[in-house]
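S.K.: Got a sequence here, can you model it:
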Amino acid sequence: MAGGLALGVWVWSRGDLVLDPAALRGRIEALGWLAPAAFVAAAALRPFLAAPSWVVMSAGGLLFGVAGGMLWGLLGFTAGAFLTFGIARGLGRDALAGRLHGRLARADAWMAERGAAWLGAYTALPVVPLTPGHAAAGLSSMRLFAFTGAVVVGLVPRTAVFSAFGDAFARGDMEHIAAISAFIAFGAVLGVWATRRFGPPRDS
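M.R.: Below is the predicted model of the structure:
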C-alpha cells in the first residue's frame with residue numbers, strides 16, 4: 001500500500017497526471033444519484049474484486065470530497081462487510097468446525113470476551129486488510145449486532161483518512177498528502193504491533 005501511495009504521488013509530482021477536481025466532480029454531479037450508487041456498489045463488491053480498500057476509499061474522496069467520500073464509503077464498505085460476514089457464516093463455519101476442533105472453540109471464547117472491541121480497532125487501522133478480519137468474525141459465534149457496531153465504528157476513521165487523502169490528492173495539496181501519508185505509516189507500525197499483542201490466540 002505504501003508503495004502505491006508513493007508511486008501515485010511521484011507520478012502526480014512529475015506532471016504526468018493532471019487532475020482537474022472541479023471538472024471531474026462536475027461530471028460526477030451531472031450523473032446524479034447514479035454516481036454514488038455505482039460507487040457504493042463497487043465498495044460493497046470490493047472484497048470479491050481483489051481491490052485494495054485504500055484505493056477505493058481514496059477514490060471516494062477524490063470524486064466526492066471528504067464528506068461525500070466518507071458517507072458513500074461507509075455505506076459501501078459496511079455492505080461489503082455484511083456480505084463477507086454472511087458468506088463466511090453461512091458457508092464456512094459448519095464446514096470448518098470438524099477440522100478445527102478445539103481451535104474454533106478457543107477462537108469463539110476469545111471473540112465472546114473481546115472480539116467486537118478488537119474488530120472495531122482492527123477495522124479502524126488504515127493499513128490492515130479488511131476482508132480477513134470480517135471473514136474471521138463470520139466464522140466465529142459473534143452476533144450480527146456486535147459485528148455491525150464494531151465495523152461501523154471502525155470504518156468511520158478509516159474512511160475519513162483515505163477520503164481526506166483522495167481529496168488532497170485531487171487538489172494537489174502536498175502538505176496534506178505528506179501529513180496523511182505520515183499518519184498512515186504510523187498506523188502501519190501500530191497495526192503490526194497491535195495485532196500481535198492483542199489479536200486472536202494462535203496455536204503454539
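
S.K.: how close does the spatially most central residue of the chain sit to residue 79?
M.R.: Nearest to the geometric centre of the chain sits residue 53, at 4.7 Å (CA atoms, centre = their mean). Distance from residue 53 to residue 79, counting by CB to CB, to the nearest Å: 13 Å. Where you see a C-beta, it was placed from the backbone N, CA and C, and this is true even at glycine.

S.K.: circling back: test my guess that the residue nearest to the centre of the chain contacts residue 46.
M.R.: Yes - the pair residue 53 / residue 46 is scored as a contact, 6.6 Å apart, by CB atoms under 8 Å.

S.K.: joint contacts of the two?
M.R.: Counting by CB atoms under 8 Å, 6 or more residues apart in numbering, the residues touching both residue 53 and residue 46 are residue 77.

S.K.: all helices of this structure, in order?
M.R.: Remark: helices assigned in the chain by DSSP state H are 2-13, 21-30, 34-49, 53-87, 93-100, 102-124, 130-139, 144-171, 174-198.

S.K.: Return the distance of stretch 67-84 from the chain's centre.
M.R.: Stretch 67-84 sits 9 Å away from the centroid of its parent chain (CA atoms, centre = their mean, to the nearest Å).

S.K.: Can you mark which positions in it are buried?
M.R.: 68-84 (16 or more other CB atoms under 10 Å).

S.K.: so where's this protein shaky on pLDDT?
M.R.: Scanning the chain for pLDDT under 70 picks out the ranges 1-25, 92-114, 194-204.

S.K.: Repeat the analysis, applying 50 as the threshold.
M.R.: Scanning the chain for pLDDT under 50 picks out 1-17, 204.

S.K.: hang on, residue 88 packs against residue 133?
M.R.: No - using CB under 8 Å, residue 88 is not in contact with residue 133; the gap is 10.7 Å.

S.K.: okay, those two: which has more neighbours?
M.R.: Between residue 88 and residue 133, residue 133 has the larger neighbour count (other CB atoms under 10 Å), namely 23 against 20.

S.K.: Next one: the residue nearest to that one when sequence neighbours are not counted from residue 26, what distance?
M.R.: Nearest non-adjacent residue to residue 133, counting by CB to CB, 6 or more residues apart in numbering: residue 122, 4.9 Å away. The gap separating residue 122 from residue 26 is 37 Å, by CB to CB.

S.K.: Please say which of these two ends up with more neighbours.
M.R.: residue 122 (26 against 10).

S.K.: isn't the more buried one right up against residue 128?
M.R.: Yes - Residue 122 is within contact range of residue 128, at 6.0 Å (criterion: CB under 8 Å).
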